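> have a look; sequence and predicted model below, questions after that.
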Amino acid sequence: MTYKIRDIVDVNAVQTLMDKLWQASGIPTGIIDVDGTVLVATGWQSICAQFHRQNPETNARCQESDAYLAKHLQAVSELPECGYVEYRCGNGLIDIAIPIVIEGRHLANIFLGQFFFDPPEEQFFIEKARRYGFDEDAYLQALRQVPIFSREKVREILEFNASLVDFLTRMGVEKLRQIEAQRELLKSEQKFRTLFEFSNDAAYILEPGGRLLEVNSKACEQFGFSRDELLNKNMPELLAPDRAGNFSNRVREIQARGQLVFETNHLRRDGTLFPVEVSIRSFEYLEKPALLGTFRDVSQRKLAEEKLHVSLKEKEVLLKEIHHRVKNNLQVVSSLLFVQSQRISDPELAACFLESQSRIHAMAMAHEQLYRSKNLAEVSVNTYVEGLIEKLRQVYFLPRQEIFWQLEAEEIVLNIEKVIPFGLLLTELLSNAHKHAFVDKKEGNVTISIRRCGEEIVLAVADDGVGLPADFDYRETETLGMQLISALINQLNGTLELDQGNGTLFKVRFVP
């Protein structure tokens, strides 16, 4: 950053201060920048200004003094320890100069002069007046106005000037910091303005009370107003009538949370409403509380969502219809098997038909649960198993036996890929219990337990019947029922545990 001392120091205030110092003490002072521009001047002597600077020969000595001081002041780092330059010019007067350096830059010099250390010899100056053609009386009168300072007095003045330089330096550094801060702020504001104006979304700044302070071009386009027209509006005027009354509550919510994203309806100039997604936050604008909001017209998104919703609804109806038809068709097959079984005299063959009917019914019930469910992808196991057990009770009911079925099931859901093999597996386990556990027994108990154990689902079917042979191995059996059980467990990626301690317990574990 390039700057001059007048840019960072209040020159007028310093001039006023130096004028008062001159009036009180008679100390002449000058501040001249490195370009030679006089910034502050008090008590400058007329002997130099009106006489020495006006004659070519005496002026040459003045210029020689200027050159000497300038040369030595430029080499700031080489100044004597005292920090100033002292010089007696060829015209006999003393000048002392101190450099002013701010942030490493030599910007100006402060001068004490012109003056004498001792009373001058008037005869010397009388001869000079005659030699150079000066008005003798006027020249001597100017000579007598030049102050005389002792060395001790000069040291005191220089101490004051050193403090003045320090004061000017601190003033300059502070001002320089302000200038740099203002530049950064301006750059930040310009960046904000650019981002604000060229945002892809409509944007606005408003007071918490609702008055719009700033809007970008996109907001004008969305609302259909010019910028000046919008800046004469309050936000409640731009909201749907049923939303305007809630504006104050919304502002309080934003201020409490700092930021909020929500959907609402805006009102165009022509009176039409359009849905928008608003993102708004509280911030400080021009040192006052304000709200910065952006909004996006979501009419196309809403239309697409509506179309998607309709399409999903249609697909849901279609899927329900498919599950309903599959269930009906399976029930027809089940009924045909039942009718066919009534014409078969062989008990074993009739039993095969009943078992097939039960398996088909298990699948039909799964599809029934799906088309009745709100979620077409999952079935409530509890509801499904209750219905399945009730149906199996009817299928396997024998007048001469009284079998008690007890269900202990947690609320668990399974998807269609798991629920059908699960239902078939349960059907086979209950079928086995019915056929083998209570041979020659008039009563018995079957307990079905379904629960979660960590990530696994555990299905347990226990009976208090006669039990299985001691050497029974379900993996080696050739019966269709046990082969189906093994196949269904593999389909579920599960494991089977068999306990024959008191009756029979089948325990299946699988991850849904």
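On my side now, so go ahead. Numbers count the residues shown, from 1 in each chain.
> near residue 36, how many other residues are there?
The number of residues packed near residue 36 is 8, by other Cβ atoms under 10 Å. All C-beta atoms are positioned from the backbone trio N, CA, C, and that covers glycine.
> for residue 121, that is, sorry about that
Applying other Cβ under 10 Å, we find 10 other residues in the vicinity of residue 121.
> where's it relative to residue 52, distance?
Note on residue 121: its distance to residue 52, by Cβ to Cβ, to the nearest Å, is 17 Å.
> helix or strand right after the top helix by length along the chain?
The helix that spans the most residues within the chain, counting by DSSP state H, is helix 151-197. Scanning forward in sequence from helix 151-197 by DSSP states H and E, the next helix or strand is strand 202-206.
> what lines up beside that next one in the sheet?
Partner strands for strand 202-206, per DSSP bridges, with pairing direction: strand 212-215 (antiparallel), strand 288-297 (antiparallel).
> nearest to residue 66, out of those?
strand 288-297 (53.8 Å; Cβ to Cβ).
> let me see the domain layout of this structure.
The domain map for the chain lists 5-181, 199-297, 303-510, with the assignment taken from automatic domain parsing.
> where does pLDDT dip in the stretch 1-150 of the chain?
Judged against pLDDT under 70, the low-scoring parts of the stretch 1-150 of the chain cover residues 1.
> so where do the strands sit in it?
29-33, 38-42, 85-88, 94-102, 105-115 (DSSP state E, counting those that start in this stretch).
> what of the stretch 351-500 of the chain?
With DSSP E, counting those that start in this stretch as the definition, the stretch 351-500 of the chain shows strands at residue ranges 378-380, 402-409, 413-415, 443-453, 456-463, 495-499.
> dump those strands to CSV, plus distance to residue 36, mean neighbour count and mean pLDDT.
Written out in CSV, the entries for the strands of the stretch 351-500 of the chain read as follows (distance: least, Cβ to Cβ, whole Å; neighbours: other Cβ atoms under 10 Å; pLDDT from 0 to 100):
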stretch, distance to residue 36, mean neighbour count, mean pLDDT
strand 378-380, 91, 21, 78
strand 402-409, 101, 14, 85
strand 413-415, 91, 18, 84
strand 443-453, 93, 16, 89
strand 456-463, 94, 20, 91
strand 495-499, 100, 14, 87
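> any chance of the ones you listed in TSV, plus distance to residue 150?
Shown next, in TSV, are the strands of the stretch 351-500 of the chain (distance: least, Cβ to Cβ, whole Å):
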stretch	distance to residue 150
strand 378-380	106
strand 402-409	113
strand 413-415	106
strand 443-453	104
strand 456-463	106
strand 495-499	112
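> now mean neighbour count and distance to residue 278 too, for the strands of the stretch 1-150 of the chain, in CSV please.
Listed next are those as CSV, based on neighbours: other Cβ atoms under 10 Å; distance: least, Cβ to Cβ, whole Å:
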stretch, mean neighbour count, distance to residue 278
strand 29-33, 22, 56
strand 38-42, 17, 56
strand 85-88, 16, 68
strand 94-102, 20, 50
strand 105-115, 22, 51
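> could the ones you listed go into JSON lines alongside distance to residue 342?
Supplementary listing: those in JSON lines, determined by distance: least, Cβ to Cβ, whole Å:
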{"stretch": "strand 29-33", "distance to residue 342": "122"}
{"stretch": "strand 38-42", "distance to residue 342": "123"}
{"stretch": "strand 85-88", "distance to residue 342": "131"}
{"stretch": "strand 94-102", "distance to residue 342": "114"}
{"stretch": "strand 105-115", "distance to residue 342": "114"}
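> what's the closest of the ones you listed to residue 207?
Each of those was scored for nearness to residue 207 using Cβ to Cβ, and the closest is strand 94-102 (41.7 Å).
> report the angle between that closest one and strand 105-115.
Orientation note: strand 94-102 sits at an angle of 160 degrees relative to strand 105-115 (axes from the mean of the first three to the mean of the last three Cα atoms, to 10 degrees).
> and strand 94-102, what does it pack against?
With contacts defined as 3 or more Cβ pairs under 8 Å, 6 or more residues apart in numbering; DSSP states H and E, strand 94-102 has these neighbours: helix 5-8, helix 56-74, strand 85-88, strand 105-115, helix 151-197.
> would you give the sheet partners of the third one, along with the direction of each?
Yep, that's strand 85-88 we're talking about. Sheet pairing for strand 85-88, assigned by DSSP bridges, gives strand 94-102 (antiparallel).
> enumerate every residue touching residue 175.
Listed by Cβ atoms under 8 Å, 6 or more residues apart in numbering, the contact set of residue 175 reads 7-9.
> distance-wise, check it relative to residue 9.
7 Å.
> where exactly do the helices run in the stretch 351-500 of the chain?
Under the criterion DSSP state H, counting those that start in this stretch, the stretch 351-500 of the chain carries helices at the ranges 381-396, 416-432, 480-491.
> for residue 136, which of the ones you listed is the nearest?
Distance to residue 136, taken as Cβ to Cβ, is lowest for helix 416-432 among these, at 124.6 Å.
> buried residues in the closest one?
When burial is assessed from 16 or more other Cβ atoms under 10 Å, helix 416-432 yields the following buried residues: 418-432.
> between those, which sits nearest residue 444?
For the buried residues of helix 416-432, the minimum distance to residue 444 (Cβ to Cβ) is 12.3 Å, reached by residue 430.
> what sits against the closest residue to the closest one other than its chain neighbours?
Nearest-residue entry for residue 430: residue 392, 5.5 Å, with adjacent residues in sequence omitted and distances by Cβ to Cβ, 6 or more residues apart in numbering. Counting by Cβ under 8 Å, 6+ apart, residue 392 touches 358, 427, 430-431, 434.
> tell me the one of the residues you listed nearest residue 243?
In terms of Cβ to Cβ, no member of those lies closer to residue 243 than residue 427, at 56.8 Å.
> so the closest one touches residue 359, yeah?
Yes - with contact defined as Cβ atoms under 8 Å, residue 427 and residue 359 form a contacting pair (5.8 Å).
> gap between the closest residue to residue 30 other than its chain neighbours and residue 145?
Leaving out its chain neighbours, the residue that sits closest to residue 30 by Cβ to Cβ, 6+ apart is residue 111, at 4.1 Å. According to Cβ to Cβ, residue 111 and residue 145 sit 17 Å apart.
> same check, this time on residue 331
In this structure, residue 331 lies at 129 Å from residue 145, with Cβ to Cβ as the measure.
> same deal with residue 58?
From residue 58 across to residue 145, the span is 17 Å (Cβ to Cβ).
> same check, this time on residue 110
Summarising the geometry, the distance separating residue 110 from residue 145, computed by Cβ to Cβ, is 22 Å.
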